[in-house]
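> Please find the sequence and the predicted model below.
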Amino acid sequence: MKLPVTLTLATLIGLGGLWAEQPATPPAAPQAQSASVDLAALSEAKKLLQEMDFKTVYKKIVDQATENVIRRQPRLASVKDKIRAFYEKYIGFDAIKDDLARIYARNFTAKELQDIEAFYKTPTGKKALSITPKIMAQGRQLGMQKIIAHIDELKSIVMEAMAPKASQTPAKK
């Protein structure tokens, strides 16, 4: 029996469930290439990405996305390296670092980026960088626990929404 193509593609496109929030509509094309960016801010943004060790962060994202796909679709284990290469090609740090720097540069001034970088060089900043992924994972886990604890309420809401409405059926004479 063949694995349904749509299920496989949905799993791959969803990054294996890596990010909890997915936009309802596809995101607009990045403005990174067209929007003007202050060159000093762009330079500082690149330094900040290096200080924040985004290369390591994005390696973990690629690894986790790949593992999530394989966990959900074990039949894809034989192409795990190709899936990892695909993710590295499109969402790996080298693929998006310039766009990320432009995003930071559009949202912060060069001085603000210097301030952020200075914070991340402090012991507290280094700690914040190192434990933020752990805190985010714990937050996702907490959210899931809260939802599971109240799943019956959600089921009720869904069932009510799916049930045919009495006012929608034609009246019998």
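Sure thing, it's come through. Residues are numbered from 1 along each chain as shown.

> Could you list the residues in contact with whichever strand or helix holds Gln114?
In this assignment (DSSP states H and E), Gln114 forms part of helix 110-121. Residues from elsewhere that reach helix 110-121, judged by C-beta atoms under 8 Å, 6 or more residues apart in numbering: 38, 40-41, 43-45, 47-48, 51-52, 104-105, 108, 125-126, 128-129. For the C-beta atoms, the positions are set from N, CA and C on the backbone; glycine is no exception.

> Could you turn the buried ones of these into a PyMOL selection?
Of the contacts of helix 110-121, the buried ones can be selected in PyMOL as follows, counting by 16 or more other C-beta atoms under 10 Å:
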select buried, resi 41+44+45+48+51+52+104+105+108+125+129
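
> ok, and for the helix holding Gln114, which residues are buried?
Applying 16+ other C-beta under 10 Å to helix 110-121 flags Ala110, Leu113, Gln114, Ile116, Glu117, Tyr120 as buried.

> Please report how far the fifth one lies from Ile91.
When distance is defined by C-beta to C-beta, to the nearest Å, Glu117 is 24 Å away from Ile91.

> what's the distance between the closest residue to Lys89 other than its chain neighbours and Lys165?
Using C-beta to C-beta, 6 or more residues apart in numbering and skipping the chain neighbours, the partner closest in space to Lys89 is Ala95 (6.1 Å). For Ala95, the distance to Lys165 equals 48 Å [C-beta to C-beta].
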